[in-house]
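K.L.:
Here is the input, now give the coordinates:
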Amino acid sequence: MFVLGNFIAAVAHIMDIALSAYMWIIIIRAILSWVNPDPYNPIVRLLYQVTEPVMAVVRRWIPLRGMGIDLSPLIILLAIVFLQSFLVRSLLQLSHDFR
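P.N.:
Purely as a prediction, here's the structure:
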């Protein structure tokens, strides 16, 4: 059963790294929105392609457009922190139970 425990631990670590990377991508996109970057820049286009599907879902659920401030990056960051605190830790604890 230790193999299953190691597999669950590896999945938890990969999930933690992926969530951390996506958190930084969201932060970079939020900062770029303040400076109005060139929309034809390949890096800017990549950031928008990676983040816009998730941000569009949050904007549909929580329509705050009338305020003039887009709070969807903040909501996504809070969701990522929740997933890291709850899901990743739960998977790590579960992996220790199989060892």
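K.L.:
going forward, measure contacts between C-alpha atoms and count neighbours the same way
P.N.:
OK.
K.L.:
Give the other helices and strands that whichever strand or helix holds residue 10 contacts.
P.N.:
Using DSSP states H and E, residue 10 sits within helix 2-35. When contacts are defined as 3 or more CA pairs under 8 Å, 6 or more residues apart in numbering; DSSP states H and E, helix 2-35 sits against helix 42-61, helix 72-83, helix 89-97.
K.L.:
Go through that helix and flag the buried ones.
P.N.:
Buried residues in helix 2-35, counted by 16 or more other CA atoms under 10 Å: 5-6, 8-9, 11-13, 15-16, 19-20, 22-23, 25-26, 29-30.
K.L.:
Tell me where this structure is predicted with low confidence.
P.N.:
Residue ranges of the chain with pLDDT under 70: 64-66, 99.
K.L.:
if we go to 90?
P.N.:
Low-confidence segments of the chain, defined by pLDDT under 90, span residues 1-4, 33-34, 36-39, 59-71, 96-99.
K.L.:
Spatially nearest residue to residue 1 (excluding sequence neighbours)?
P.N.:
residue 98 (5.8 Å; CA to CA, 6 or more residues apart in numbering).
K.L.:
Fine, thanks again, bye for now.
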